[in-house]
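Asker: quick one: sequence and predicted model below, then my questions.
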Amino acid sequence: MFLFFVLPLCITVAFTNPSCTPGFYLSGTQCRKCQIGSYCPDGQTQLTCPPGSYTDLYEQSQCRLCRPGWYQFKSGSTVCLRCGLGCSCANSTQLPEQCDVGTYADLYGQTQCRQCRKGYYNVKKGATYCTKCPLGHECANSKVAPIPCPIGFYNALYEQTKCRPCIKGSTTQTVGQTACINVVG
Ligand SMILES: *[C@@H]1O[C@H](CO)[C@@H](O)[C@H](O)[C@H]1NC(C)=O
């Protein structure tokens with residue numbers, strides 16, 4: 001008698017509040033396994049993974065976040081994508097951004113671009129490297145093209161941020177020189 005009383009009660013409770021284990025969702029009265037690209041947190045509903053996350057396995061109750069330097073801008077994804085060369089991925093829910101002028105990314109999967117080293121420059125977006133400041137020039141600002149040394153100045157070295165003045169009694173006759181010449185007279 002006792003069992004007869006409890007058993008129908010249990011069935012009634014299960015019927016009015018139907019639920020599957022997390023990782024599954026309810027389809028009518030059936031429990032179905034959660035699909036890849038989705039998650040099933042409460043055993044009832046199946047939801048798509050939001051941007052910046054994914055599931056590559058069935059029966060998941062939560063999505064995995066993209067690793068730093070990886071991204072996914074679509075929802076319902078099974079993969080994250082690695083940030084490309086010349087780009088940064090600070091926000092894993094968005095498309096990669098090209099490195100700004102004066103910066104570069106020479107490695108995949110970067111969350112930010114690197115500044116050009118002192119004496120180097122880069123005037124294009126999306127760069128994978130910066131260029132050494134040439135002889136006879138100065139590169140004080142890594143975001144602009146090298147500036148030729150003005151008359152009366154020179155640079156005998158690469159990677160310089162400043163041209164050097166010619167010593168007294170010498171000068172240059174045109175801009176962009178690597179040496180000064182003696183003034184005759
Ligand atoms: C990432 O981008 C999304 C969409 O534009 C935005 O809602 C979110 O606040 C951003 N997150 C960060 C950490 O900037």
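Answerer: Sure thing, it's come through. The shown structure was predicted, so the numbers you read here are calculated from the model rather than taken from an experiment.

Asker: and the spatially most central residue of the chain, what does it touch?
Answerer: Taking CA atoms, centre = their mean, the centroid of the chain lies closest to Cys89, which sits 1.6 Å from it. Cys89 sits next to Gly69, Trp70, Tyr71, Cys83, Pro96, Glu97, Gly109, Gln110, Thr111 when contact means CB atoms under 8 Å, 6 or more residues apart in numbering. Bear in mind the C-beta positions are built from the backbone N, C-alpha and C, glycine included.

Asker: dig out what the third one forms beta bridges with.
Answerer: It refers to Tyr71. Taking DSSP bridges as the rule, Tyr71 bridges to Leu81.

Asker: show me what contacts it?
Answerer: By CB under 8 Å, 6+ apart, the contact set of Tyr71 is Gly52, Cys80, Leu81, Cys83, Cys89, Asn91, Ser92, Thr93, Gln94, Leu95, Pro96.

Asker: quick check: it vs Val79, distance?
Answerer: Distance of Tyr71 to Val79, computed by CB to CB, to the nearest Å: 11 Å.

Asker: with adjacent residues omitted, what lies nearest to Ser75?
Answerer: Leaving aside its sequence neighbours, Ser75 sits nearest to Thr48 (CB to CB, 6 or more residues apart in numbering; 4.8 Å).
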